[in-house]
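Undergrad: missing the sequence, but the structure's below:
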């Protein structure tokens, strides 16, 4: 009875996730003085008092898109759903303080399944010292959807945005990259083996690090604290959820700079290297595009290099350049190729 | 490969929405001093500075459970999704300031459909003076899910919880009740007529108020302001989303009081009365259990009665009693019957 009279149809996959958000929100006006940052960073930033700002971020996880319950235990899913959000808080150089959790679940889940999910959420909240302060639980017509909002706070002069990088700043990453994506490939392969032969036992021993990075990622709560101890305030920062190249491009575009990323510097775990050989995958591609690492990527002024250089948590992987010089990967063979985003895009699915 | 080894299966519908949330969250520990109120009210409350507290609330709307796109235009859906959340902020006696919006949408929605949805969200945000500061957009395997989180603030000494009502306090409601539920019945009937005969034109003229209350509810932004002007701080407050009886029971249980609700005092619009007659429904039952009114229900001390009695926004519908006296409806025939919750329960669906 209410016909759609609009003949124009543009598929959402044509715009991609970031294009779509940008398209839908570009004309949003911010009217409150307290809104220091709206859409477009890892978290929004609100003025709180004379000393601190509040940061707020939200993420939606959809069954069949972001997780597959055939190899993701519910307790791990709950834990990971919290990590995904806390990671965005830490990417603002903030301390996470509170979360709200909303769930939509179909009747195929018994109460015991939700207890498992909540056990993971509560474990994460306790370990990361965030209070679970609210939420909503409702039914869904199919599958499970988890929506978490995280709040955090940081001193006014320490909040770090994506847009502060300058030419010549050093590009630094925490931890190592690519393992979570490879963990997913291992689990997918085991799932296929299991479907072909239900008596098969999963062989995961040599992939423990990869599988753990996929099923139980840890957000870098330690990094804002460590940076404070080292007296380093990054000039820009972002968390690595979609893949290194995609995140570097975000920093460059928002900071209006270019960058040179050195392939040989990208930190890889030995299991990543060995498993890439086994799966005949290029480890650099995996690190650039794999996603779900939940490490932090940031830039610092050259003067801060001595403060971080001896720290095993940090690897300098490149430096920023003038915008006109573009964004490049410098390969091991010393060729310079343009950096392109091939990160994981949930809107491509279906 | 990861078998569910837990043989125990309890259906989530056995617990109901409130029972389920309570069950899953009962052992959550709050560790931050800034957490003044966690789960269990319309919104959580966080300390902000010496003068104000922040309130935060979140709601998830699922296609096929909370809305039916065959008669809910997307623009109205966006508007209503914002209202549902702002209503919870106003129920804390707070001013709404910011929202985040997360969407999961299947590929059956073109970009133009999401533009419509966002047009409703932006219209609501502009009219209610809240900044849209963040969100997430992702694909879903089926249907649409909208998750909104709303933030607000209020002076420390003016925040109102559900648990402050005292025996002899007056029970007051804003606006009138039952219209949104009847609007839904009218739309459902028209949908069936349309399905039987696609050339039929909807006949909605005599139900305009009801349909508008269903499709375009307005949260009571005016009430916290009005209460402040009248110098009234309610002793307890809640918004009416699930139906009057369910909300009264929340106030009574959390405040540890009983109540007498007078049937003859329940405010009903003439269209509600006429349409109840046409549909052969009992208007009191509709007002008690219909839900989605998004009016505010609150209690005040007797000394504040003179301040509100002449105001057309408010109707005194009963008074609180000692807890041991129980919760009752006093009918027009002056019989006293126990009040039971029969509000709308999303977990009953499927």
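TA: Cool, the structure landed. Keep in mind it's a predicted model, so treat the numbers as computed, not measured.
Undergrad: quick one, phi/psi of residue A:139?
TA: phi -90, psi 160 (degrees, to the nearest 10).
Undergrad: and what of the one 10 residues further on?
TA: Backbone dihedrals for residue A:149, given as degrees, to the nearest 10, come out at phi -120, psi 130.
Undergrad: pLDDT wise, what is it at?
TA: Residue A:149 carries a pLDDT value of 97.
Undergrad: show me what counts as buried in stretch A:212-224.
TA: Buried residues in stretch A:212-224, counted by 16 or more other Cβ atoms under 10 Å in any protein chain shown: A:212, A:213, A:214, A:215, A:216, A:217, A:218, A:219, A:220, A:221, A:223, A:224. No exception for glycine: its C-beta is placed from N, CA and C like everyone else's.
Undergrad: and what of stretch A:105-114?
TA: Those buried within stretch A:105-114 under the rule 16+ other Cβ under 10 Å are A:105, A:106, A:109, A:110, A:111, A:113, A:114.
Undergrad: and residue A:80, how far is that from chain B?
TA: Distance from residue A:80 to chain B, counting by Cβ to the nearest Cβ, to the nearest Å: 15 Å.
Undergrad: what of residue A:67?
TA: 12 Å.
Undergrad: on that earlier part again, now for the buried residues of stretch A:105-114: which two are most distant?
TA: A:106 and A:111 (13.3 Å; Cβ to Cβ).
Undergrad: any idea how many residues pack against residue A:9?
TA: When neighbours are counted by other Cβ atoms under 10 Å in any protein chain shown, residue A:9 registers 11.
Undergrad: for the residue lying closest to it once chain neighbours are set aside, name its beta-bridge partners.
TA: The spatially closest residue to residue A:9, leaving aside those adjacent along the chain, is residue B:110, at 4.1 Å (Cβ to Cβ, 6 or more residues apart in numbering or on different chains). Here residue B:110 sits in beta bridges with residue A:11, as judged by DSSP bridges.
Undergrad: who touches residue B:110 in this structure?
TA: For residue B:110, the contact set (Cβ atoms under 8 Å, 6 or more residues apart in numbering or on different chains) comprises A:8, A:9, A:10, A:11, A:12.
Undergrad: and residue A:208, that one's in a helix?
TA: Yes. Per DSSP: H, G, I helix; E, B strand; the rest coil, residue A:208 lies within a helix segment.
Undergrad: on the three-state scheme, the spatially most central residue of chain A is what?
TA: Taking Cα atoms, centre = their mean, the centroid of chain A lies closest to residue A:241, which sits 2.2 Å from it. Per three-state DSSP, the local secondary structure of residue A:241 is coil.
Undergrad: that one against residue A:87, yeah?
TA: Yes. Counting by Cβ atoms under 8 Å, residue A:87 is a contact partner of residue A:241 at 6.8 Å.
Undergrad: overlap of the contact sets of those two?
TA: residue A:294.
Undergrad: quick revisit: buried subset of the contacts of residue B:110 as a PyMOL selection?
TA: Selection of buried members from the contacts of residue B:110 for PyMOL, criterion 16+ other Cβ under 10 Å:
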select buried, chain A and resi 12
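Undergrad: let's have the contacts of residue B:110 in CSV, adding pLDDT.
TA: Conversion of those to CSV gives the following (pLDDT from 0 to 100):
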residue, pLDDT
A:8, 71
A:9, 84
A:10, 86
A:11, 86
A:12, 82
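Undergrad: can you redo the contacts of residue B:110 as JSON lines with distance to residue B:260?
TA: Below are the contacts of residue B:110 laid out as JSON lines (distance: Cβ to Cβ, whole Å):
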{"residue": "A:8", "distance to residue B:260": "57"}
{"residue": "A:9", "distance to residue B:260": "57"}
{"residue": "A:10", "distance to residue B:260": "57"}
{"residue": "A:11", "distance to residue B:260": "58"}
{"residue": "A:12", "distance to residue B:260": "53"}
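Undergrad: returning to that earlier point: name the nearest of the buried residues of stretch A:212-224 relative to chain B.
TA: Within these, the smallest distance to chain B is 10.0 Å, found for residue A:215 (Cβ to the nearest Cβ).
Undergrad: just want the phi and psi numbers for the closest one.
TA: phi -90, psi -30.
Undergrad: contact partners for it?
TA: Residue A:215 neighbours (Cβ under 8 Å, 6+ apart): A:72, A:73, A:76, A:80, A:183, A:187.
Undergrad: let's go with 7 Å and repeat that
TA: Going by Cβ atoms under 7 Å, 6 or more residues apart in numbering or on different chains, residue A:215 touches A:72, A:76, A:183.
Undergrad: please flag which of those residues sit within helices.
TA: Secondary structure from DSSP state H places A:76, A:183 of those in helices.
Undergrad: looking at the contacts of residue A:215, state which has the most neighbours.
TA: Counting by other Cβ under 10 Å, top hit in the contacts of residue A:215: residue A:183 with 27 neighbours.
Undergrad: re the thing from before, point out the least confident one among the contacts of residue A:215.
TA: Lowest pLDDT among these: residue A:72, with 91.
Undergrad: who's the closest spatial neighbour of that residue, skipping the chain neighbours?
TA: The nearest residue in space to residue A:72 (Cβ to Cβ, 6+ apart) is residue A:215, at 6.5 Å.
Undergrad: what about that neighbour, distance to residue A:12?
TA: Distance, residue A:215 to residue A:12, using Cβ to Cβ, to the nearest Å: 29 Å.
Undergrad: what about the strands in chain A?
TA: Listed in chain order, the strands of chain A (DSSP state E) span A:35-37, A:44-47, A:52-62, A:95-105, A:131-139, A:144-155, A:170-174, A:236-239, A:257-262, A:296-300, A:314-322, A:327-330, A:336-338.
Undergrad: the second one pairs with which strands?
TA: Sheet neighbours of strand A:44-47, with direction, are listed as strand A:35-37 (antiparallel), strand A:52-62 (antiparallel) (DSSP bridges).
Undergrad: so how far is that strand off the chain centroid?
TA: 20 Å (Cα atoms, centre = their mean, to the nearest Å).
Undergrad: returning to what we had before: highest mean neighbour count out of the strands paired with strand A:44-47?
TA: Per-stretch averages of neighbours, counted by mean count of other Cβ atoms under 10 Å in any protein chain shown, single out strand A:52-62 among those, with a mean of 25.
Undergrad: all helices of the stretch 201-350 of chain A, in order?
TA: Taking DSSP state H, counting those that start in this stretch to define them, one finds helices in the stretch 201-350 of chain A at A:208-215, A:222-229, A:244-255, A:270-279, A:283-289, A:305-308.
Undergrad: confirm for me that residue A:25 is in contact with residue A:39.
TA: Yes. Residue A:25 is within contact range of residue A:39, at 5.1 Å (criterion: Cβ atoms under 7 Å).
Undergrad: now the helices of the stretch 201-350 of chain A in CSV, with mean pLDDT?
TA: CSV is the format used below for the helices of the stretch 201-350 of chain A (pLDDT from 0 to 100):
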stretch, mean pLDDT
helix A:208-215, 95
helix A:222-229, 98
helix A:244-255, 96
helix A:270-279, 96
helix A:283-289, 95
helix A:305-308, 97
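Undergrad: TSV for those, including distance to residue B:125?
TA: Listed next are the helices of the stretch 201-350 of chain A as TSV, based on distance: least, Cβ to Cβ, whole Å:
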stretch	distance to residue B:125
helix A:208-215	37
helix A:222-229	31
helix A:244-255	24
helix A:270-279	44
helix A:283-289	35
helix A:305-308	41
